[in-house]
Every structure is written in structure tokens, then in C-alpha cells.
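Asks: got a sequence here, can you model it:
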Amino acid sequence: MAPHDREAENQVSAFPYGFPRFRFLRRFFSVAFPIYSTIQVKSERVEPTIPFSSVENYTHATIPSSNLANTTRTIKPEPVDALPTGATAVGPTPLSHQNINAQKPGAPAIPKAPSYTVYTDAQDIEYTPENALQNGVGMVQDLATLVKKIELGKGRRAQTWYREIDDLTKQGSPKTMIAVCGATGAGKSSLLNAVLDDNIVPTSGMRACTAVITEISHHKKKTIDADVSFLTLEEWKAELTILLEELTDEDGNVRRSTDLRSEAGVAWHKVHAVHPLMPIEQLAKSDPDEILKRHPAIAKILGTTKRICAPDSKMFAKEIGKYIDSKDQKRNSKDKKDKAQREKDKKKDNEPALWPLIRLVQVRCPAAALSTGAILVDLPGVADANAARSAIARDYMKKCDCIWIAAPITRAVDDKTAKDLLGEAFRTQLMMGKVPSVSFNNEYGNYDDSCITFIATKTDDISCSEIIRALNLDENEELQAITDEIDEATIEMSTWTATQAEAQRAVKALDKEVETLRDVIDDHRNHLEALRNGEEYTPVDFEAKNKPKGKKRKSVGSDYGSSPKRRRSDYGSDDSFINDDDDDLSDLDEDKDEDEGDKDMDVDNNDDRSDAGSNNSDGSDSDKDGEAEDDDEVQEIKEVITEETLKEKIKEKEDELKSLKQRLTTAKADRKKANDELANLKKTIAKVQKKKNAFCSLKRSEFSRDVLKEDFRVGLRELDQAAAEQNNPDTFDPSEDLRNYEAIDLPVFTCSSRDYIRLTKQVKGDGEPTCFLDKPDTGVPALQAWCHDLTITSRERAARNFMSRFKVFIEGISSYLQDVEGVNLGDRMALRDLWQSYPDDDESVIVDQSGERLYRMASEEEWFQDIDAMLGGQKPKTKPVGKATGIALRLEQVIDQIVSTTVASLKVKFRDGLEDRCQSGASKAEAAAVETSDAFAASMHWGTYRATLRRRGEWRRDLNAELVNPLTTEIASSWSRVFESDLFADVEKSATRHIQKLLQEVEASAPAGLQDRCKTQGDLAHEETKVVMKKIMAEVKSKMSNEQKEVSRCLSPHVQDQLGDGYDLAMEERGKGSVARQKLVFRNFVDRNRGDIFTDGADLLLGRLDVAAEAVGETLDQSLAELANKVEICMSVLWEIPKDDVQEHLARNQLKDKLVGLKSLVNLWMTAGETRAKSIKDD
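Replies: Just a heads-up that it's a prediction; the model follows:
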């Protein structure tokens, strides 16, 4: 034994409790102040007081005076520079910047802190929930870098703080899940693409679009990512079994599979897609194991998840198409291809398609509409043979916060879709909380208008005349102005059409004259050349050549084509025209070869040339004057022709040709002007027509919204009246409204996805919009904004809770860093002995020498196991035996009582509110079961009925749900009253009251020197309790909501399970008359077992509610235990002794400075949030 240890041991007699207590103090000092662990303790050095500040001074510790017989000993070590030779001082060494900023060993890794803005005035903050959370997370991460530099050890404080930092750091905007439902052809995929502002969801060429569940969420990356999850081997085998049964009839013969609307057609489409090389006859004779054995590649992909990452939507469509594209659209292509290409395509088409094997696709994209936390879930129809996908769809319906229902606007009103939404089954689900986010806060419910959104699609599908007639818009001034604008343009267009026709006719006539005149000039030139050469030449008789044969025709000459002597107007013809907008009028001044290009314009008028030629003559041969003129000209021809006369004629004809060209240029200019005016008028009329289409569409949308909203109100009124009559038939008054139905406002959006996509040029080559000229009129921007609005409540609440929680955390750290001065060590140790529940991580044994046990002896490993268990929400294995003395232990006893009382109370409320209704509902379901079964069988085709039996009642309709519907209807209103009441009002009050009472006890037991600080810590613990209790209540209520949704869904599966043997017995019927026998067998089975089925169902429901109460109790117990731990940690500042060395001192001071700035900044953000909330409320 070292000399200083012997010397210390000799002082044991000075302690009335002997050596163990002194050994405990030695260990305490060695852990709390490591610098002293190897310093020789000089027992003879006794001083009355020693300042307690930093290691630069001496450190003092005062031993409880009661234990020293009124003698205070202050133990002071030798200064480091006075140590004996050979002694090693463990303490601060000269520190560099690097080791000051190093985090403590064992602390979690410090994440890279993002930037956050420092403000000095709340008015400078542009407050949004996202900004608040982003800046808040940045502040937490900044704080974490300093917290992890101070010495916290491995005890409860370190674990609690690190977990709090982790929770705050990971907190982001809450997610709002939106289920998008709609029948085939509703335009759901196009609608989603429009909302996303990108062509992400496949819209054509595949049945997989409606068969695969697709979840679409936001991420900040520019890429489009997706996870494609496949069915497991067991799930595909189960579906394959059903599909193979659909391919054959009861005699084993293969059914016709060409009709994809039939069950056999659907089955063949799926099986053939996955196994394209197996003929239907071979498939029908094989079982699932044989088929999968033949195709090991298919079995290999089952149960896996494929990840896609694409830079844009075009590449994404290509990649996702490998999994969800249907090859059936390509296999019968008749395109002309070379042999190699056809062989390549054939090989590719023989590869299996994977879309029937997909269970879920999760897409992440940078869509702005989803940036605030909305998640769109595209759900398939109910007619899915795969139980796994159906289960996933039901699970999404359970988890989703909102529902969007899409239907074409042309059917939405006529089919009374909104009223059908509140059909018996749907309304029962709504009352029982199966439809999410519906809140009923009074007896008859308080509808939450964010729960259901109706979207009328395809608003560009328009017939103005029908809408004008249906909505009586004939006298509408705005529409009349639009119609007048169209009429004016139409009249002007008629005028220009006549002008264009006249100009076109003139151009044709002049072209013929020019052509004839050129031939005449050529003939004269040839004649002149022959004359000069002394050759014989016979001139062409153009008049005879162009003279009409047979019946004489009326002249069609015009001002442009007649001779100067007989020019007259002949405009006004309605002949069709040829659009020659691109004619180059300057061509008329070129040489003959260029002018002859104009002949191409008149290829369809060659038969009229003789007539046109006759028009060039001076009159008709039917006139006597004309005959005289002809004789004169013949006489002239017989005259002697000389070079001079030919030159004169050539000159005369060239002058005449020049004049004709000028008139032709004018005629073509007039025609071009008419064509330009007509083109502009056509554009104007098209634009105004779109304006008319948009006006009519918007009027139809306005009318549809009103009708849909009213239908929804009528449905709720009927639901309320049915519930009121059921509850109080003697006092029910149908004329009395049970709530303000006018205040119920179903959100209805009318959208044209196609025109929005065209206006935004989202898809190249998709053409121009057909109806709307402005994006807002398409309704899509409003729906995108609605995505943000649906998340605003949860985002605002999350931001407020984050700042409140962070503020309390900051205050807790600040309190911990505040030194407790002027209090001797004995008082602090005494308070610790009274209120610390578990020993510190450095103490394995603490025993009071008077015989009173404070802690059960346990190993260090056991204590750490207990701490970890407690922090994980579990109770420690080594609780102290006997009377609990610590804050957390005392509170745990109270928590046990609160939880037990709460669980018992829930069970009583469930029984009192629902037991009688469950029994009466079971009786009604039993009485109606046979009739319901018969009606179900009679309402559908025998093939559909058989497919329903094969799928245990779930196919296009759910027979199990229809059978249990009388029971669920009976309990719906009572269910609503039970679960929308405040089931946990007493929990918060009771827990807060007990915590406050215990804090008062702690304050009362504190020594005089700690009274003020104890009260300050108590106030802080009380404030933290309020913040944590809000979080606990939210968690417990969420747990209760999820549990009751699960319980409310247990009845249909129960009925399905009870009817399993009946489904199997019915399917055993084969041969002639099997359909009738199947219906009879199932009917008899229902009749025999209906009593037990529904009575047991009612008992099952109540039993599941008891289990739900227990589950809620466990959640409450864990949450309150965590709160108890936090309360003690907050109060433990009163007795904890921090490590005291230079490095720790610097780290703590640095953290203090940071806390001051962060606390001020958090207050500014909270003020800005309150200001914004007030502004929104005022607006």
C-alpha cells in the first residue's frame, strides 16, 4: 500500500460511518475531478474554505457537517508544481485549438451543420414552416458540435441529450399521404403527370398502369428515382393458382381468352405476359410449382427490389418501362422491317414481362407540388387477383390522410358520383374512421373538408351547343360578346373568301391568256425566221385551235383577261380556290422559261384552254358582228406577210404580254392579300372558339362543383338522419337539421390535364391545346396549390412543436451549465441520496452505514443495462427493492397507476358505448345474410360470381363486406361518438398534477442554500413537462386512431375466414347445372352458420378493442416513463458535480455563449410564427 493510502486509511476514525463512506468519497473525487486521482492527499493540510472555481485555482469540496460532528474538513491537494519527485499529475495540459474542439470519446458522430440565418428582429424573418424547420435543424446541429465536446459520461443525461439531438436533427416536414382513386379511363395518370409537371406516370400501352400501386414523393435531387418491389414467391404462387383456375372450366377445358374483359381473358393476359413461350393448353395443365421450375429466372426475381435512377423523365420512362411495360401491344405489329430486325423484335417479345409480378413502385422526384410533404399514392382498382397488392392497397387506405377521387366531368354529375361516395358502405367507413382525417367532435360529427377531394377530369372534352342549351347560357352577355366576335370574323371571312375566289379566277384566266400570247409570239418569231431563211412556213391558226368543240360555252372572261376594247368585270363567283400564298410575283418579269413555271398552277384546267382561248377573241361566233370580224381577220391573214409586218405584230404582242403580266401581278397580289386575310381570320376564329370553349367549360365546371357539393351534403344529411332515427326513433324529427350543412364544403377541382400539358410543352409533339388558352383555367395550378394547403396544418404544428421543444432543450442545457455556488458538498449529496433513482455510471455500490438501503447492490454492467433499457422505453431489470426514493422511481409508481386506470377506463367506455350496438348489429346482419347472399349472386354474371367464390368473396365487389354491412351500419354512429370523444383528458391532468406535487416535495426537502435553485429547476421541469405532455398526447391519440382503424377492419376478414369452407364447397360443384348448385351450396352454408358468424364477429370486435386499449396503455407507459426520466435529469443538476479541468471549462464556456444566441434566435422564430398565424387568421 502506498504511503498516502496508509495515511488516508488512518483517518477512517474521523468518519462516524467508517471506511466505506470515505472510500466512496475518494471514488467520487477521482471521477468528478480526475486531476486528483494520482495527487497525494495530505490529511494534515486542513483549511476552513477553499474557493471553487477552476483548475487554475484550488478545488474545494465540503463534506456534510452532520457526518463530521460539526467539523468541516476541506481537502486540498498539493499544487502540481509541488509534487514529490516521481509523482505524475493527471490534469490539464497545454491545449491547442484542435483538442479544445475535439468531441468526447463515445459521443455520436457530429453531422455537418447546415447554414442557418441569424436574425436580430422577428420582422426580418420570412416565416414558413419549412424555413423554420430548416433553420431549426441547422441550429440543433450547430449546438450538437459543442454539446459533444463537454464531458457527459455514459449515464442517463448523455443518452437522453444525444437522443434528443438526434430526434430534433431528423425532424423535417411531416408527410401527408394522399390516396388517388379513380376508375379506368378517368384520366388519373395524366392528372398526376400534370400535377407533377413532368411525364413520370405511364399513361398508355400497358394494363400495368392500373394494376401497380405507385407511391410518388419528393426529394431534393434533380434525378427521378424509383424502387420497384416484386411479389414474394409465396404471393405469386397464390395468385398463379387462382389465375390457372380461371383459364379452365369445371371440366378442365381451356376457356376463350381473347376477351380481356372476362376473367379468363384477364388471367391469360397476366400469365402469358410472364410466361410468353408456354401455350395456354400447357399452362392450364400445369401447377404453379411446375411453371416456376421451368422458369427459374422468374423465381429468382421474386421478393427482390430493383432501384432506378434516371436524370430525366424520358430516361425514367425507358427504365421503368422494362418492368411495367406490356409487350402485347407490340407482338402483332405489321410494320415492314428487315428480317434481322424482325428476328430481334421476336426474341425481345418472347422475353417475360414483369408487370404482373410488381407489388409496389415507390417514385421520388423533384416535383414542386410535393415539396411540402405531400405523397401521392396511385391506387389500382379493386379487381386485382393478387391478394398481396390488395392488402397493400388497404394498408395505404388505412395510412393515408386524404383521398382524391377522380372521374371524367362528363360522367361526374350525371352518375351522381359524389352522392355515391356516401353510399352505404362508404358512409359507414367514414363514420367508423376508416376514411382518414375525418373528425367528428360532436354527436353527429364535424366533417373535415380536407379528408375527401373530388377531381372532375377531362374538362377540355366539350360541346358548346350542348352546354349552352343545358345551362341556358343563350342570354349570357359574356358569351354573347364572344359569339358576336366569332360572327363578325365569320362575315369578314366570307367577304374575303369571295374576294379570294374572284382573284383566283382572274389569275387562272390571265395565266391562260399569257400562255396563249406567248405561243403567238413564238409562232410569229418562227415565221419571221423562216421568212428570212426563205423557207415555207404555215402559221398556226390559234383561233381555230382554241375554238370550242361541240356545245358552245358562255364566256368567262374578266377585266384581267379581256382585251382592252372589251374589258369588263365578272367578279362574284363562288368557285373554289387554290391557296398560292407562296407565289413569287417577281417571276412575272423574268424570261419565258421562268414564266412557263406558272403553267403548273393550272394543271387541273387543261380542258378549259380552248374556252379560254376563245375568250381572247373579239366575240362569240354566235353573234353576227363577231362573224363579220372573223371574216375581216381571215382576210387580213390572207394578206402578204412581210418581215416588217411580223416585227410589228411581235412588238404589238410583246406590249400586250407586258400589260397582261402587270395585270397578272396585280391579280396575284390581290389573291395573296385575300389568302393572308383568310389565314389570319381562321386563326382569330380558332382563338375565339377556344375562348368560347373555355367559357363553356368553366361554366360547366362551376355548375358541376355546385352539384357535387350539394350531392355530398345530401349524402351526409341522409347519414345523420339514419343515425338519429336509429338512436332515438321516438324523438327523431326529419325536418330538423342536425348540423349546419351549408358549412360543409367538399373540395372539388375541375381539371384539363391534356391542355395543361400542352400549354406547358411537357410532351413534345402533342399539339396545341383544344380548349384553354391560360394555365390557370385548366385547374391544374389550383390542384397543385391544394397539395401545399393539405400539408399546411401539419407543417405549422410541426414547426411550432419543434421550436418549443428546442427551446426547452436549450434551457435545460443552460441550467446544467450554471454553477451551483455557495453550497457545500454535503447538502448536495444529501439531496442526491433522497431523489436520485439510479446510481451514476461510475458507482456500482452505495450503502448507507446506518443499515437503511438506498440502492440494491449491482454490477456496473447491470446498471448500464438498466439505463439502456429505461432509455429504450423499457423498465430496468434491477429496480431497487423496498421503498422507492428517487424522482423517476416515484413517478414510475404513479405512472403505473395512471396507465392501469386509463386502460381500465378505455375498456369500460368501449363496452358501454358499443356492446349493445354490436349485439343488435349482429342480429341484423344474421337476419339479412341469406337475402344479401341471394341478391349478390343474382346481380352479376355467373362467371364473375364464380371468380368471386374462387377469391373468397373479394373480386369486383366484396361479398364479405356486404354481409357484415348491417353490423357496421348499426355501430357506425356509436363508434364515432366513442372514438371522437376525449378519451385521454384525465391522463394529462393526472400526470401533470403528480409531477408538480413531487417537484414541490423536492423543493421542500432542499437545504436552505439550494431552495432558490431548486425552485428554478422545478419551474424548468414543469415547463418541460408541458411540452413533452403535448407530444405524449399526440402519440397516444395517434396510437388509438391507428388501433381503432385496425379493429374496424377486422369484421370483413373474420366473415371471410368463417365462410372459407363455404367458398370451397361451392367451388367443388362441376358439370351441368353447376352454377345453380354453387349458389345453392353457398346459400345453405350461410344460412347454417350465420348466427355464429356474426355473433362471434361482435365478440371479436369487442375483444380486439380490449387489446387495443392494452396497446395504447403500453405506449402511454413508455412515454410517461421517458418523461419521468427527463424530470429527474432536469432536477439532478442540483447534486451533480461537473468535471473541472481547463478543457472542460473552455468547452462549457463556449457552449454557454452559443446557447445565449440560439435561445434569442429561437424566440425570434416563435414570434415570427405567432405573427404569421395571427395574420392568416385575420385574413
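
Asks: what about the strands in the protein?
Replies: Using DSSP state E, the strands of the chain run over residues 176-182, 214-218, 224-230, 305-310, 358-365, 374-378, 402-408, 452-457, 748-750.

Asks: I figured Ala158 hits Glu151, correct?
Replies: No - using Cβ atoms under 8 Å, Ala158 is not in contact with Glu151, being 9.1 Å away. Heads up, the C-betas are built off the backbone N, CA and C, glycines and all.

Asks: comparing these two, which residue is more hemmed in?
Replies: More crowded of Ala158 and Glu151, by other Cβ atoms under 10 Å: Ala158, with 22 against 17.

Asks: now the more buried one. Nearest residue, chain neighbours left out?
Replies: Nearest residue to Ala158, sequence neighbours excluded (Cβ to Cβ, 6 or more residues apart in numbering): Leu152, at 3.7 Å.

Asks: tabulate the strands of the chain in CSV, adding columns for mean pLDDT.
Replies: Putting the strands of the chain into CSV (pLDDT from 0 to 100) gives the following:
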stretch, mean pLDDT
strand 176-182, 88
strand 214-218, 93
strand 224-230, 94
strand 305-310, 94
strand 358-365, 92
strand 374-378, 92
strand 402-408, 88
strand 452-457, 91
strand 748-750, 94
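
Asks: tabulate the ones you listed (CSV), appending distance to Val507 and mean neighbour count.
Replies: Listed next are the strands of the chain as CSV, based on distance: least, Cβ to Cβ, whole Å; neighbours: other Cβ atoms under 10 Å:
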stretch, distance to Val507, mean neighbour count
strand 176-182, 57, 22
strand 214-218, 60, 22
strand 224-230, 57, 20
strand 305-310, 57, 14
strand 358-365, 58, 21
strand 374-378, 59, 25
strand 402-408, 50, 23
strand 452-457, 50, 25
strand 748-750, 50, 22
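
Asks: those strands: which one's closest to Ala1108?
Replies: Comparing those against Ala1108 with Cβ to Cβ, the closest turns out to be strand 176-182 (22.0 Å).

Asks: partners of the closest one in the sheet?
Replies: strand 374-378 (parallel), strand 402-408 (parallel) (DSSP bridges).

Asks: just how off-centre is the last one within its chain?
Replies: Okay, so that is strand 402-408. Relative to the chain's own centre, strand 402-408 is displaced by 13 Å; criterion: Cα atoms, centre = their mean, to the nearest Å.

Asks: ok so, going back, let's have the strands of the chain in CSV, adding distance to Ile521.
Replies: Putting the strands of the chain into CSV (distance: least, Cβ to Cβ, whole Å) gives the following:
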stretch, distance to Ile521
strand 176-182, 75
strand 214-218, 77
strand 224-230, 72
strand 305-310, 71
strand 358-365, 74
strand 374-378, 77
strand 402-408, 69
strand 452-457, 69
strand 748-750, 70
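
Asks: to Ser814, which of those strands lies closest?
Replies: Comparing the strands of the chain by Cβ to Cβ, strand 176-182 comes nearest, at 35.4 Å.

Asks: so what's His272 closest to, chain neighbours aside?
Replies: Looking at His272 with Cβ to Cβ, 6+ apart, the closest residue is Ile280, at 7.3 Å.

Asks: contacting residues for that neighbour?
Replies: Listed by Cβ atoms under 8 Å, 6 or more residues apart in numbering, the contact set of Ile280 reads 247, 254, 257, 268, 272.

Asks: min pLDDT across those, which one?
Replies: Minimum pLDDT for those is recorded at Ser257 (65).

Asks: and the pLDDT at the residue nearest to Ala158?
Replies: 81.

Asks: that one contacts Trp161, doesn't it?
Replies: Yes - in this structure, Leu152 is within contact of Trp161 by Cβ under 8 Å, at 6.6 Å.

Asks: can you list the strands paired with strand 176-182 in TSV and add distance to Arg717?
Replies: Formatted as TSV, the strands paired with strand 176-182 follow (distance: least, Cβ to Cβ, whole Å):
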stretch	distance to Arg717
strand 374-378	30
strand 402-408	20
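
Asks: out of these, which gets nearest to Gly185?
Replies: strand 402-408 (7.1 Å).

Asks: alpha carbons only: can I get the closest one in PDB?
Replies: Output in PDB follows, covering the C-alpha atoms of strand 402-408 (Å, rounded to 0.1, in the frame of the first residue of the first chain):
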ATOM      1  CA  CYS A 402     -56.600  12.300 -47.600                       C
ATOM      2  CA  ILE A 403     -58.400  10.800 -50.600                       C
ATOM      3  CA  TRP A 404     -58.600  12.200 -54.100                       C
ATOM      4  CA  ILE A 405     -61.300  10.700 -56.300                       C
ATOM      5  CA  ALA A 406     -61.000  11.300 -60.000                       C
ATOM      6  CA  ALA A 407     -63.800  10.900 -62.500                       C
ATOM      7  CA  PRO A 408     -64.400  12.400 -66.000                       C
END
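
Asks: cool, thanks, talk later.
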